[in-house]
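> This is a predicted model, with the sequence first.
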Amino acid sequence: MIKDRNIIVHGLQSLDSPIGSNCINIAYEFSKQNKVLYVNYALDRITSIKQKANPLVIKRKNILRNKQPDLIQINDNMWNLYPRTILESINQIGFKPLVSSLNKINNKRFAAKIKEAIDKLGFKDFILFNDSDFYRGLHLNELLHPALSVYYTRDNMRATHYFRKHGAYYEDKIMKKSDLVVSNSFYLNNIAKKQNPNSIYVGQGCDISLFDDDLIEEIPEDIKKIKNPIIGYIGALKSSRLSIETIEFIAKSKSEWSIVLVGPEDDLFKTSSLHKYSNVHFLGTKKMDELPSYLKAFTIAINPQSLNPLTIGNYPRKIDEYLAMGKPTVATLTETMKVFKNQTYLAETNEDYVKLIDLAIKENSKEKEQNRKDFAKTHSWENNVSEIYKAFEKVLNNR
């Protein structure tokens, strides 16, 4: 157990973002036993111009003009820093020496503002926890001198279109420079081990408190009228991550099944042939607190991931949510999904999906539902951070 330490957390997600993040959950968990400074990413020049109407950008500009405070206390043990600086936008520059030079300047600006907060809070002998921020965090070790530097990889960022130009190069560099790399999937851990022998798989946390049968009083009207069995998916409908072909194969193979998709569609989903099937139902975006009531109506939950560099190593948190409601779940077999091999049905082909959904319907029982719920509870943020602490201690104790 890491206790009564000072921990600085920074990454790709700001604390005021409307989108959730592993890093945010982990930081709050850290703050139960330690003092935490959560550092938002600094505003970059292009974003300040192109997104000037964005409320988050407006807020940061007000902070830059000293109209709002840059350091805010969140709870008894946690503070949030909005770095009062502008960074140069470098990601789309092709000439690597220029990227490197500007990135050093950005790191110095970023580090200077973190150092001001460190001094103000009196942080000593701190742990630096970096969530996938391989640009802004590359030189922080030598600029801030942490007692322990930790790089956290929880998604295959180097495979995204945005980071494709320089991501792998800079992520490899920061992994080598860090004292420790922790990851939430075996696939990402294998990538990390090629750069740093102190690379440890720590699993994934999930807040499943909403996904409780006892909290759900009614099924929403738009899904209540859909006939059973309901084969459902909850989440963003992104063609880069989900297989339209697999969903169509299921719908075509079993016209008596209702395929229900809950979430916003990207352009390819909007124009896909899925919309021509009478047994495929698009229910659109729902609020987070509404999702459990839709999941409760599912007979079977699915996660028909495409297999590509973006998805092959990611940890699908929705699986824990599905299992927390006891739902029989059929998902694409990946290295990460092997963690769930005893609680889910894992498909390698479109034909597998149809066979396994049919099997899952026939095999389901109250006992299996309870086993799934019990397993999901083991993936709490408390347990996840406990594994992260063990990784910290392993490196600190070996010094």
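Looks like it came in fine.

> Surely His281 is in a helix?
No: with DSSP: H, G, I helix; E, B strand; the rest coil as the criterion, His281 is located in strand rather than a helix.

> Surely it touches Ile259?
Yes: counting by CB atoms under 8 Å, a contact exists between His281 and Ile259, whose distance comes to 6.8 Å. The way it works is simple: take the backbone N, C-alpha and C, and place the C-beta from them, glycine included.

> now do the same end-to-end measure for stretch 376-387.
Stretch 376-387 has an end-to-end distance of 16 Å (CA to CA, to the nearest Å).

> Return the set of buried residues in that stretch.
Applying a neighbour-count criterion of 16 or more other CB atoms under 10 Å, the buried positions in stretch 376-387 are Ala376, His379, Ser380, Trp381, Asn383, Asn384, Val385, Ser386, Glu387.

> Stretch 344-363 too?
Of the residues in stretch 344-363, those buried under the neighbour-count criterion (16+ other CB under 10 Å) are Thr344, Tyr345, Leu346, Ala347, Asn350, Asp352, Tyr353, Val354, Leu356, Ile357, Asp358, Ala360.

> Give the next helix or strand downstream of the helix or strand hosting the last one.
Okay, so that is Ala360. For Ala360, the element it lies in under DSSP states H and E is helix 350-363. Read in the C-terminal direction, the helix or strand following helix 350-363 is helix 366-377, with elements assigned using DSSP H and E.

> Show me the contact partners of that next one.
In this structure, residues lying in contact with helix 366-377 by CB atoms under 8 Å, 6 or more residues apart in numbering are 206, 208, 211, 320-321, 323-329, 340, 342-343.

> Just the buried ones from these?
With neighbours counted using 16+ other CB under 10 Å, the contacts of helix 366-377 contain these buried positions: 206, 208, 211, 320-321, 323-329, 340, 343.

> Can you get me a residue count around Ser272?
By other CB atoms under 10 Å, the residues close to Ser272 number 18.

> For it, give me phi and psi.
Here is the backbone geometry of Ser272 (degrees, to the nearest 10): phi -80, psi 160.

> just checking, it touches Ser243?
No: checked against CB under 8 Å, the pair Ser272 and Ser243 is beyond contact range at 11.0 Å.

> Check the closest residue to Lys124 other than its chain neighbours and give its pLDDT.
If the residues on either side of it in the chain are set aside, Lys124 comes closest to Asn6, at 6.5 Å by CB to CB, 6 or more residues apart in numbering. At Asn6, the model reports a pLDDT of 98.

> Distance of Asn6 relative to Leu121?
Note on Asn6: its distance to Leu121, by CB to CB, to the nearest Å, is 8 Å.

> try Glu335
Counting by CB to CB, the gap from Glu335 to Leu121 is 40 Å.

> Select the longest helix from this protein.
Ranked by residue count and defined by DSSP state H, the top helix of the chain is helix 96-121.

> next structured bit after that helix?
Scanning the chain past helix 96-121 towards its C-terminal end, the next helix or strand to appear is strand 127-131 (assignment: DSSP H and E).

> what are the pairing partners of that next one, and which direction each?
Each strand that strand 127-131 pairs with, and the sense of that pairing, follows from DSSP bridges: strand 6-11 (parallel), strand 148-153 (parallel).

> what ranges do the helices span in the stretch 101-250 of the chain?
Secondary structure of the stretch 101-250 of the chain (DSSP state H, counting those that start in this stretch): helices located at 140-144, 167-177, 186-193, 221-224, 244-253.
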